[in-house]
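# missing the sequence, but the structure's below:
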């Protein structure tokens, strides 16, 4: 298992980690298989979406905050119930394909770390399975 | 493939199945790999989130019911269109990492079976891949 | 890695691709393992849900459009911010289990390609891992 560190700067923020993930995959030397990305946090997640126009990440983040607003009378008393709910919507685990030693992504796709309760120092775990 | 049985008690309910999943992983003797969790139902799913304060699960369940209310003029005539939609939002498959013979979870993370059309007797399938 | 082509006919549409996926799994000859489905697009995704009553797919599609309406003042200027957001909610990667040479699905489950910015010619990648 490998690990990537991500420093986030706002309460809600989507950060492009594609190049770090690509680098980690190459370092394994595996040419053919799958990659499991796993976020060991309960107020963050992973989104795979367009990264070339940063406004897409902003729209995703703002829309999630409109659907699941902060401080909307939740039972959980730590002030981050919204963050937990957003994490459960986008998900903490995603599986990608590796071919010819490279991560397979669509032309416009990138991997975004989704922070919903920052700023914090976060981790993403990576596990490659040969196949 | 292994299978866990879950008995749910309400229409909407998130049930902590972390200890059953950990036990199933240990029983395989696999020290290093990944675990695929799969829910073979169309009105349920899996959520990985905080389980130490049960109010987080309540907030997730209530917020999903606010966003996707029951009986809101759906086409599907069985009265559980909302349950199917919630299942597609949280997802029926999640992949986790196994290291040193143990499931890798963040300090506050647990695995929740998400019931959206209970009470019912449900199943979760588990498949471990060595890696 | 295998690939399935999907032709979509509307802006928003869920298309049942279960039989193509089952066929692809059988063609590998793998009797035991997992299947990773991966959509290399940023305005589409995969949903696993009921396919026997087509109204379920319609309800999912309409509810996502109610929650994330088109043209609702997004920053992204290509007119498909809603499509990107919906993709991040349902997800582009899902992992299923293979047993006895067949994809494991619940009795009512099928695999739906979720188009959010069609009509287009789309692809779904499939990777089988023995286990």
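Right, received. Where do you want to start? The shown structure was predicted, so the numbers you read here are calculated from the model rather than taken from an experiment.

# Assign a three-state SS to the residue nearest the centre of chain A, would you?
Most central in chain A under CA atoms, centre = their mean is residue A:46, positioned 2.2 Å from the mean C-alpha point. With DSSP: H, G, I helix; E, B strand; the rest coil as the basis, residue A:46 sits in strand.

# What parts of chain A come near chain B?
Within chain A, the positions near chain B by CB under 8 Å from any CB of the partner chain are A:1, A:36, A:38-42, A:67-68, A:74-78, A:81, A:84-85, A:87-89, A:91-95, A:125, A:127-130. The way it works is simple: take the backbone N, C-alpha and C, and place the C-beta from them, glycine included.

# In PyMOL, select just the buried ones from these.
In PyMOL, a selection of the buried entries from these looks like this (16 or more other CB atoms under 10 Å in any protein chain shown):
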select buried, chain A and resi 1+36+38+39+40+41+42+67+68+74+76+81+84+85+87+88+89+91+92+93+94+95+125+127+128+129
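
# what's around the nearest residue to residue A:52 once chain neighbours are set aside, how many residues?
Closest residue to residue A:52 in three dimensions, ignoring its sequence neighbours and counting by CB to CB, 6 or more residues apart in numbering or on different chains: residue A:108, at 6.0 Å. Neighbourhood size, residue A:108 [other CB atoms under 10 Å in any protein chain shown]: 16.

# tell me which parts of chain A are close to chain C?
Listed as neighbours of chain C in chain A under the rule CB under 8 Å from any CB: A:33-34, A:47-50, A:53, A:55-56, A:58-60, A:62-63, A:67, A:89-91, A:94-97, A:99, A:104-109, A:129, A:131.

# Drop anything exposed from the residues you listed.
Looks like those have A:33-34, A:47-50, A:53, A:56, A:58-60, A:62-63, A:67, A:89-91, A:94-97, A:104-106, A:108-109, A:129, A:131 buried, using 16+ other CB under 10 Å.

# hang on, the earlier thing: so the residue nearest to the centre of chain A sits against residue A:111, correct?
Yes: judged on CB atoms under 8 Å, residue A:46 makes contact with residue A:111 at a distance of 6.7 Å.

# joint contacts of those two?
When contacts are counted by CB atoms under 8 Å, 6 or more residues apart in numbering or on different chains, residue A:46 and residue A:111 are jointly contacted by A:37, A:94.

# Can you flag which of the residues of chain A next to chain B belong to helices?
If you go by DSSP state H, those have A:67, A:81, A:84-85, A:87-89 in helices.

# could you dump those residues to a markdown table with pLDDT?
Listed next are these as a markdown table, based on pLDDT from 0 to 100:
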| residue | pLDDT |
| --- | --- |
| A:67 | 98 |
| A:81 | 98 |
| A:84 | 98 |
| A:85 | 98 |
| A:87 | 98 |
| A:88 | 98 |
| A:89 | 98 |
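
# quick one: low-confidence parts of chain A?
Within chain A, no range satisfies pLDDT under 70.

# Output the longest strand belonging to it.
Looking across chain A with DSSP state E, the single longest strand is strand A:121-130.

# quick one: strands adjacent to it?
strand A:2-7 (antiparallel), strand A:33-38 (antiparallel) (DSSP bridges).

# Moving C-terminal from the first one, which element do we reach first?
Counting by DSSP states H and E, the next helix or strand C-terminal to strand A:2-7 is strand A:13-16.

# ok, so what distance separates the closest residue to residue A:74 other than its chain neighbours from residue A:69?
Excluding its sequence neighbours, the residue lying closest to residue A:74 (CB to CB, 6+ apart) is residue A:81, at 3.3 Å. Distance from residue A:81 to residue A:69, counting by CB to CB, to the nearest Å: 10 Å.

# Residue A:14 now?
Plainly put, residue A:14 is 18 Å away from residue A:69 if you go by CB to CB.

# The two - which one has more neighbours?
Comparing residue A:14 with residue A:69 by other CB under 10 Å, the one with more neighbours is residue A:14, at 27 against 12.

# Not counting its neighbours along the chain, what's nearest that one?
Leaving aside its sequence neighbours, residue A:14 sits nearest to residue A:57 (CB to CB, 6+ apart; 3.8 Å).

# so how far is the host helix or strand of the one you found from its chain's centroid?
Using DSSP H and E, residue A:57 sits within helix A:55-67. How far helix A:55-67 lies from its chain's middle: 14 Å, per CA atoms, centre = their mean, to the nearest Å.

# quick check: angle from that helix to helix A:81-90?
Here the directions of helix A:55-67 and helix A:81-90 differ by 120 degrees (axes from the mean of the first three to the mean of the last three CA atoms, to 10 degrees).

# Show me the contact partners of helix A:55-67.
The contact list for helix A:55-67 (CB under 8 Å, 6+ apart) reads A:12-14, A:16, A:47, A:49-51, A:82, A:86, A:89-90, A:112, A:114, A:116, B:67, C:42, C:67-68, C:74-77, C:81, C:84-85, C:88.
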